[in-house]
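1. the following comprises the amino acid sequence and a computationally predicted model.
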Amino acid sequence: MPVVDSVFLLAENVSGVTIASVRCEKITEREASFLGPELTTAAEASGHKLVLDMEQVVFLASAGSGTLVSAHRDCKAAGGKLAVCNVSPDILEVLKLTRLHKLFTISKSKDAAIKAVS
């Protein structure tokens, strides 16, 4: 049973880790306003061990980056961890330009991300 199931996010708890798959191609201010609270709910379901699958995301605006930073901060403050996986080369370039690649654990696969937060 999903922890969150919306137009923007599908989150499921798998072996004590929440895997949250972003369902939208872009994360702008509009999407970020919905994703923020949904990511909080998803993270709380697993003790803040959160894997964020960004396979469908092709555009990340500054508001979207802010939402990811907030999710990371919340997970860390609660003693958990956030890992991001399936990041497109373009999104990875944005994360590098903003130096956020140093803040986030970025994994190439979902399995690697699960190991990183476990």
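-> Right, received. Where do you want to start?

2. tell me which stretches of this structure form helices.
-> 29-44, 62-77, 89-97, 110-117 (DSSP state H).

3. of all the ones you listed, which one comes closest to Gly16?
-> helix 110-117 (9.4 Å; C-beta to C-beta). C-betas here are computed from N, CA, C, even on glycine.

4. who's the residue positioned nearest the centre of the chain bridged to?
-> Most central in the chain under C-alpha atoms, centre = their mean is Leu52, positioned 3.0 Å from the mean C-alpha point. Residues in a beta bridge with Leu52, per DSSP bridges, are Ala20, Val84.

5. isn't it up against Leu68?
-> Yes. Here Leu52 reaches Leu68: they are 7.3 Å apart, a contact under C-beta atoms under 8 Å.

6. ok, back up a step: could you dump the helices of the chain to TSV with mean pLDDT?
-> Shown next, in TSV, are these (pLDDT from 0 to 100):
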stretch	mean pLDDT
helix 29-44	97
helix 62-77	97
helix 89-97	95
helix 110-117	97
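
7. got these as CSV, with distance to Val22 and mean neighbour count columns?
-> Below are those laid out as CSV (distance: least, C-beta to C-beta, whole Å; neighbours: other C-beta atoms under 10 Å):
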stretch, distance to Val22, mean neighbour count
helix 29-44, 7, 19
helix 62-77, 9, 18
helix 89-97, 11, 14
helix 110-117, 13, 17
